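Trainee: got a structure for you, letters missing:
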């Protein structure tokens, strides 16, 4: 099981939290809107393939007919034991996204003492990481039959091995594997990320209400909901979903892959 990762419970620009990347430019005009005319999309996603996501999240999403993205670690015991439930979620329109096979992270960074030596990204090569992601894509295709996939970077660690320049090679090869990578791309208005942990429903709603006016998308990346780790309560999560359901004209909610494919169609 992946042990807890310390994320700041705040709105973050993923371009600063992942790695040094070239400055971004806006590629969509200022008049861009989502289906139905919404100015802001909300991508609800859930990392690591956790029991609480099957038990608490998917029923809550289905209640409001929201489609979300689940970035699964394919060697998770929860994938093995509850594979039919993940397949059922995909059949109902939820996205199964790639979050690697082993969730490798950089053990040399602060608060990473939980990283096992054989999953230490400081000792990976770019080729090794790309091979792992290809294996995960194949595994996920066997579950949902989909050929297109999106990706969330484990721990946000873009440097592979000891070479701080490796993230450029890594990113260039990701373009060949994925429709989109969370927080990456030419238009910075899609890069806003919130990592909730412990907030109340009101606090989560207030984050959404105070998103900068020029943002087109906010990526809300949960881990546990009503259990597991880096958690929010089921009640807080339900309050957020109810708010979004009651304000569909202002906030467009869909899986990350659907949002990115829609945006690409407008380029």
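Mentor: Looks like it came in fine. Computed from a prediction, not measured in an experiment: that's the story for all the values here.
Trainee: pLDDT (mean, whole number) over stretch 252-267?
Mentor: The average of the pLDDT scores along stretch 252-267 is 95.
Trainee: Walking through the stretch 51-200 of the chain, point out its helices one by one.
Mentor: Using DSSP state H, counting those that start in this stretch, the helices of the stretch 51-200 of the chain run over residues 51-52, 58-63, 77-81, 83-91, 126-144, 166-177.
Trainee: wait, isn't residue 96 in contact with residue 72?
Mentor: Yes. At 5.9 Å, residue 96 counts as touching residue 72 under the criterion of CB atoms under 8 Å. C-beta: built from backbone N, CA, C; applies to glycine.
Trainee: between those two, what contacts are shared?
Mentor: Common neighbours of residue 96 and residue 72, using CB atoms under 8 Å, 6 or more residues apart in numbering, are 86, 140.
Trainee: Let me know whether residue 215 touches residue 40 as I believe.
Mentor: Yes. Taking CB under 8 Å as the definition, residue 215 is a contact partner of residue 40 at 6.4 Å.
Trainee: ok so, going back, ok, which of the helices of the stretch 51-200 of the chain comes nearest residue 223?
Mentor: With CB to CB, the closest approach to residue 223 among the helices of the stretch 51-200 of the chain belongs to helix 51-52: 8.6 Å.
Trainee: State the mean pLDDT of the closest one.
Mentor: Mean predicted lDDT for helix 51-52 stands at 98.
Trainee: try stretch 87-101
Mentor: Mean per-residue pLDDT for stretch 87-101: 98.
Trainee: Going forward, count from 204.
Mentor: From this message on, residue numbering opens at 204, which makes the last subject stretch 290-304.
Trainee: hmm, who's touching it?
Mentor: 248, 250-252, 257, 261, 264-265, 270-278, 289, 332, 335-336, 338-340, 342-343, 346-347, 349, 352-355, 357, 380-381, 458-461.
Trainee: Return the set of buried residues in it.
Mentor: Going by neighbour count (16 or more other CB atoms under 10 Å), the buried part of stretch 290-304 is 292, 293, 297, 298, 299, 300, 301, 302, 303, 304.
Trainee: Including distance to residue 392, could the residues you listed go into a markdown table?
Mentor: Below are the buried residues of stretch 290-304 laid out as a markdown table (distance: CB to CB, whole Å):
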| residue | distance to residue 392 |
| --- | --- |
| 292 | 29 |
| 293 | 29 |
| 297 | 25 |
| 298 | 21 |
| 299 | 26 |
| 300 | 21 |
| 301 | 24 |
| 302 | 24 |
| 303 | 27 |
| 304 | 32 |
